[in-house]
Structure formats: C-alpha cells, structure tokens
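Q: No sequence on hand, only this structure:
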C-alpha cells in the first residue's frame, strides 16, 4: 500500500475516533449538567471523563498531523533525492557525449556548454559562458546560426542545419539541431543545440556519388570510344597508304605526318577511355612493384635531368609480389611522375618510396614532389574525368582518372595530400599514396 492510500485509511480511522470522542464528551457534559442539578456526587467524575475523551481526540489529531507532516517530509526528501539523481545522470550523459551540446540566449550568447565542445575549441566551459557564438565559430557560421536561433525563439519549433568547421588543416562537417527550451507558460527561454560530427558520412556520400559518376562515365566512355575507333582506324589506315606514295621531303609528306601524329594522339585518348571502361575485366596478374618503378625511372630519367629535377628513390628490399599488371602499374607511375614534373620548377625534387605496411597485406608506394601543390578546392576533383589544372592544350584530364580506375581494378587505393604553402607541419608540394594488395601466396606469416 502506498503513502496516499495509507494516509486515506488513517484519516478515516481518526475521523471515526474524533467523532466518538466528541460524542462521548457531549454526553458527559449533558449527563454532568443533569446530575449537578440533582445534586449527584459523580458530576466531577463524568466531567473528567468528558475532558479525557476530548484530550484523546486532540492528541489523536496532533499525532495524525505530526505523522502526516513527517510523511510529506519524507516524500519530498525522496523526490528531491530522485531529482538530484536524475540531474546527475543527465549531467554525466551530457558530459560524456562526444557531441557538441550547448544552450544560447536570444542574442546568441552561450548560457552553457558541455566539456567536449569547450575542449574541442581549447578551453573549459566557464571560459565561454556568456560569450557570443563568434567566439567559437567563424563570423559566417555564427551569423547563420544566429538566424536559426532567432527563428526558434520566434516560432518555437526546432530547426536543423549542416555546416563545416575548420580547425587548422582539418575540416569537419556537423549536423546541428536547434531546439526550443520553454518555461511553464510555453515561452522560449533558450535554445538547445546538439551537433554531431558527420564528416565520415559526408565522405561516404561523396564516394558513392563519385562511384556512380565513374560507372556512368565508364559506360559512356566505352560507347564513345568504340564509335570513334572505327573512323579513326580508317583515317590512320589511309594516312599510311598516302605516306607510302608521298615524297619524304615534300610538303604533302609533312602534312600527312601531322595528321598521323594527331590521329595517334586521339587513339591514345580512346585507349585510355577503353582502359577505364574495361577496368573490371581481365584476370589478375602479379608483378614486382620495385622492378616496375625501376623500368619507368629508366624511361623518364632523361626528362628529369633536362628539367634539373633531383630523383630520390627509397625502395624497401624483399617486397612480395603485388596483384596488378606490370604495364598498367607503369602507366600509373608515369602519370604521377609526369604530373609531378609539370608542377615543379627548376631544381625540383621527386621522391619515390616503397614499403610494406604494418599488417603485411599491402605495399605502400608514395610519389612526392615539392611543386606548387594543389589548391584545397580542387583536391576532391582531381580524379574526375576531364578535370585538369593544366593550361589548355597541356592535358586531357584523363591521367589520374585512368590511374584511379587501374588501382581500383586491383582492389587497391590511391589518395592525395597536397599543400600550396610551406607550414610547420607540412612542406609545399603533393604526395600520392598507393596502397597495393600483396599477392595472396606471398603474404608473410
């Protein structure tokens, strides 16, 4: 039986007891008065009995009141303890959450924030309480958030938004939910914001978009390449026939050679398109990545010397074979080296390094230069087809696109890091990192 039910039962019993006591007291008074008029000697005893009954009723009432007060006091104490426990659980939950949680007033000043938010910006909560949003966020983001906060105060409904934070060289995406906190009258007194890091989701979303884009481009490239190959073969064939009949030093011979040269260039572009379109075809072969690098270095060595570019090779010995065709791996390396040479001025430095990763399942190849670097806004586009930062006529935008397709074909990965300025953490230049799968039978146990 709970406290309220017990209270009702005891109150009913006491009401009956009070009624009986009062009835007895009234009877003794009546009887006492009659006996006093009759000169009866027991009047004093009857009067004492009535007073005793009255005291019993008053004592019961006092005991009931005291018991009820103690009960309410214990109930309030228990509820206060539960409230404190709930508050402590809430505080621990908020403080342990790796989300950005804070409350702000109508002017966009912090009223409270959790430790994770403060620590992310290099401080403790007390340092930011009462400060404006612009203390933690850029002016642009702070103004955007303030508009949403005023809308929440005005309409009393939650608002959502996504924005990007930049901390040094790192960028993170946050999904924020601005919710109203209301008083008992329904008036908004502050806005609670809970923001979650969705950087990985954004990356995955971008990868999915790029994958679908590349798949569509592969289908389109295959169709276009086959349509162009037929007339291109005819053009090159008739050019060869005309070259046989033309005098070598004549103007006609030179014109035909020009046609042939540009025709072969078109053929190379078409082959690159077909190479990407067929990236899922063929069987897996194996090669020695160090040998592939040495072969391609022999090809480009003269070009590097002509451009006064220093070549540094750091290749780990005894590396296992990788899954991949040697010719296609050389094509990837040639594309990366040519891009590096184009990005460097005189007295540049090109580094090529190979190593076995920690889990012994992949070989890492790094091609690094100290060129002008790639701007941040272009990093996410460098593997897109036909995208190039080179001047018009100097590049087709297919080199990295095809290289990406080749590496993916053999279940590897290719990533890029670049900086356009020298900093204490990173020197200017670009580094491409290839992670290539080790041949299954060559894994080290």
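A: The structure has been received and is ready for your questions. Source: prediction; values computed, not measured.

Q: drop to CA atoms for contacts and neighbour counts, all remaining ones
A: Fine.

Q: Could you pull out the strands in the stretch 201-350 of the chain for me?
A: Secondary structure of the stretch 201-350 of the chain (DSSP state E, counting those that start in this stretch): strands located at 286-287, 310-315, 322-323, 349-356.

Q: for those, which one sits closest to residue 167?
A: Proximity of the strands of the stretch 201-350 of the chain to residue 167 was assessed by Cα to Cα; the nearest stretch is strand 349-356, lying at 29.2 Å.

Q: Let me know the next secondary structure element after that closest one.
A: If you walk from strand 349-356 toward the C-terminus, the next helix or strand you reach (DSSP states H and E) is strand 362-369.

Q: Next secondary structure after that next one?
A: Counting by DSSP H and E, the element after strand 362-369 in chain order, helix or strand, is helix 376-379.

Q: Need the contact partners of that following helix.
A: Helix 376-379 is contacted from outside by 416, 418, 419, using Cα atoms under 8 Å, 6 or more residues apart in numbering.

Q: how about the helix or strand following it: buried residues?
A: Of the helices and strands lying after helix 376-379 in sequence (DSSP H and E), the nearest is helix 399-409. Under the neighbour-count criterion of 16 or more other Cα atoms under 10 Å, helix 399-409 has 399, 400, 401, 402, 403, 404, 405, 406, 407, 409 buried.

Q: how about the fifth one, what does it touch?
A: For residue 403, the residues meeting the contact criterion (Cα under 8 Å, 6+ apart) are 331, 332, 335.

Q: and residue 219, how many residues sit next to it?
A: 15 (other Cα atoms under 10 Å).

Q: Please report how far it lies from residue 226.
A: Relative to residue 226, residue 219 is positioned 11 Å away (Cα to Cα, to the nearest Å).

Q: Ok, residue 339 next?
A: Taking Cα to Cα, one finds residue 339 at 28 Å from residue 226.

Q: When the two are compared, which one has more neighbours?
A: residue 339 (18 against 15).

Q: if I look at that one, how far off is residue 431?
A: Distance from residue 339 to residue 431, by Cα to Cα: 11 Å.

Q: ditto for residue 120
A: From residue 120 over to residue 431 (counting by Cα to Cα), the distance is 29 Å.

Q: which of those two has more neighbours?
A: Set side by side, residue 120 and residue 431 give different neighbour counts by other Cα under 10 Å, the larger being at residue 431 (22 against 12).

Q: Where does that one sit: helix, strand or coil?
A: Under DSSP: H, G, I helix; E, B strand; the rest coil, residue 431 falls in the strand class.

Q: That one against residue 369, yeah?
A: Yes: when contacts are counted by Cα atoms under 8 Å, residue 431 is listed as touching residue 369 (6.5 Å).

Q: quick one: the helices in this protein?
A: 3-38, 43-96, 115-120, 125-128, 139-155, 199-245, 251-277, 289-306, 326-343, 376-379, 399-409 (DSSP state H).

Q: For the first one, give the mean pLDDT please.
A: Helix 3-38 shows a mean pLDDT of 61.

Q: Point out where the stretch 151-300 of the chain drops to low pLDDT.
A: Per-residue confidence for the stretch 151-300 of the chain (pLDDT under 70) gives these ranges: 168-170, 210-211, 213-215, 217-218, 272-284.

Q: one step back: could you export the contacts of helix 376-379 as CSV, including pLDDT, neighbour count and distance to residue 110?
A: Written out in CSV, the entries for the contacts of helix 376-379 read as follows (pLDDT from 0 to 100; neighbours: other Cα atoms under 10 Å; distance: Cα to Cα, whole Å):
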residue, pLDDT, neighbour count, distance to residue 110
416, 90, 17, 39
418, 88, 22, 37
419, 86, 20, 35
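
Q: average pLDDT for stretch 134-146?
A: Stretch 134-146 carries an average pLDDT of 87.

Q: can you list contacts of it?
A: When contacts are taken as Cα under 8 Å, 6+ apart, the neighbours of stretch 134-146 outside the stretch itself are 107, 108, 121, 128, 133, 163, 165.

Q: now do stretch 310-326
A: Applying Cα under 8 Å, 6+ apart, the set of residues contacting stretch 310-326 from outside is 284-290, 292, 304, 347-356, 363, 410, 436-439, 442-443.

Q: list the buried ones in stretch 246-262?
A: Within stretch 246-262, the residues that count as buried by 16+ other Cα under 10 Å are 253, 256, 257, 260.
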